[in-house]
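**Student:** take this sequence and fold it.
(one chain, ligands or ions: 1)
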Amino acid sequence: MTTTGLPLPLAATGLIAVTGATGHVGGLVAHDLSREGARLRLVVRSSARAPQLPGATVTETTYGDHDRSVVALDGVDVLLMVSAAESADRLDQHRAFIDAAVEAGVHHVVYTSFLGAAPDATFTLARDHWATEEHLRAVGVPHTILRDSFYLDFLPNLAGPDGAIRGPAGDGVLGAVARADVARVAAHVLLAPHEHAGQTYELTGREALSLTQAARITSEVTGRETVYHPETVEEAYASRASYGAPDWQVDAWVSTYTAIAAGELALVTDTVERLTGRRPLTL
Ligand SMILES: NC(=O)c1ccc[n+]([C@@H]2O[C@H](COP(=O)([O-])OP(=O)(O)OC[C@H]3O[C@@H](n4cnc5c(N)ncnc54)[C@H](OP(=O)(O)O)[C@@H]3O)[C@@H](O)[C@H]2O)c1
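**Tutor:** I've put the predicted structure just below:
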């Protein structure tokens, strides 16, 4: 065990590539791995925004750019692939990046998927995650899938400027997980990938909360009055119509809530604690 409780790397000379390092999850993973003295390559869209970390080099690419990604991933042993920002062609970008990883000879891919990923998942984006997982399985590269629940630290952001969380979640509950816990699990897996090959981990917090409970905790912690107002599905589409967002995006927004109502995010697992030895954070 090391200073932060992570296991010592099995392949200490292996080069670990971390995508999304300019964002929340990838940034946390990069910091965790840097503290462990890992050989790191941060694979980012803009090197100017990459964290400056001991032991890390920085390379630019974007998932949709297959040729550049093959070069960016050259010599990489293990890759953390953080799912891309939502877009109409995200799945194509994911497939292009996975193909690039295979072409570059990456030995193991760790992918951040979503809890309950399935072709018929209520949350529409969980279907894209499923299709990305399927591509990983199809190309045959050793991999580990982290199926993250909704991010716990994102819950307060669901509230509008008036402090109301509005959506058709009914009385459903969700076992949301902190990004920091997802990052700790990812770092753990990246340091000993062979031990986790072929595994799919469902990452949740330690409890399932309703949006009413989440709103109450948010009020207590932030001092800002936050409440949950359930909407019907029709009200949810109507209240989001003025944003002018494309249909796929509005479907994604609304289905976040209907997935909660359907009980598809209610799962609570012990996976975070089992893998990291630390109980998951609470809201
Ligand atoms: N489980 C959940 O509740 C939940 C909620 C929201 C999002 N997500 C998914 O989880 C991912 C990680 O969450 P997060 O909080 O760390 O997000 P984040 O802070 O927005 O970071 C996303 C990272 O991915 C990079 N990225 C996005 N699209 C890319 C592309 N096409 N090619 C290469 N890099 C790309 C971004 O680079 P730039 O800095 O250049 O933009 C950024 O570094 C998100 O990207 C999203 O897919 C999950």
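
**Student:** ok, residue 115 - how many residues close by?
**Tutor:** Per other CB atoms under 10 Å, the neighbour tally for residue 115 reads 26. (C-beta placed from N, C-alpha, C; glycine too.)

**Student:** wait, isn't it in contact with residue 126?
**Tutor:** Yes. Counting by CB atoms under 8 Å, residue 115 touches residue 126, with 7.5 Å between them.

**Student:** give the helix, strand or coil label for residue 252.
**Tutor:** helix (DSSP: H, G, I helix; E, B strand; the rest coil).

**Student:** looking at the chain, which residue is nearest the ligand?
**Tutor:** Per CB to the nearest ligand atom, residue 23 is where the chain lies closest to the ligand, at 1.9 Å.

**Student:** where does the stretch 1-150 of the chain come near the ligand, residue by residue?
**Tutor:** Contacts of the stretch 1-150 of the chain with the ligand, taken as CB under 6 Å from any ligand atom, map to 19-20, 22-26, 45-46, 49, 62-63, 82-85, 93, 112, 114, 148, 150.

**Student:** pLDDT weak spots in the stretch 101-250 of the chain?
**Tutor:** Judged by pLDDT under 70, the stretch 101-250 of the chain has no weakly predicted residues.

**Student:** quick one: the strands in it?
**Tutor:** 108-114, 143-148, 164-167, 173-174, 200-203, 209-210, 227-230 (DSSP state E, counting those that start in this stretch).

**Student:** so which of the residues of the stretch 1-150 of the chain next to the ligand belong to helices?
**Tutor:** Counted as lying in helices by DSSP state H, out of those, are 24-26, 93.

**Student:** quick check: closest non-adjacent residue to the residue of the chain closest to the ligand.
**Tutor:** Nearest residue to residue 23 in three dimensions, chain neighbours excluded: residue 82, at 6.8 Å (CB to CB, 6 or more residues apart in numbering).

**Student:** surely the one you found touches residue 25?
**Tutor:** Yes. Using CB under 8 Å, residue 82 is in contact with residue 25, at 5.6 Å.

**Student:** returning to that earlier point: could I get the strands of the stretch 101-250 of the chain as JSON lines with distance to residue 189 and mean neighbour count?
**Tutor:** Shown next, in JSON lines, are those (distance: least, CB to CB, whole Å; neighbours: other CB atoms under 10 Å):
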{"stretch": "strand 108-114", "distance to residue 189": "5", "mean neighbour count": "24"}
{"stretch": "strand 143-148", "distance to residue 189": "5", "mean neighbour count": "24"}
{"stretch": "strand 164-167", "distance to residue 189": "32", "mean neighbour count": "21"}
{"stretch": "strand 173-174", "distance to residue 189": "23", "mean neighbour count": "26"}
{"stretch": "strand 200-203", "distance to residue 189": "8", "mean neighbour count": "20"}
{"stretch": "strand 209-210", "distance to residue 189": "26", "mean neighbour count": "18"}
{"stretch": "strand 227-230", "distance to residue 189": "34", "mean neighbour count": "17"}
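
**Student:** between those strands, which one is nearest to residue 30?
**Tutor:** Of all these, it is strand 108-114 that lies closest to residue 30, at 13.2 Å by CB to CB.
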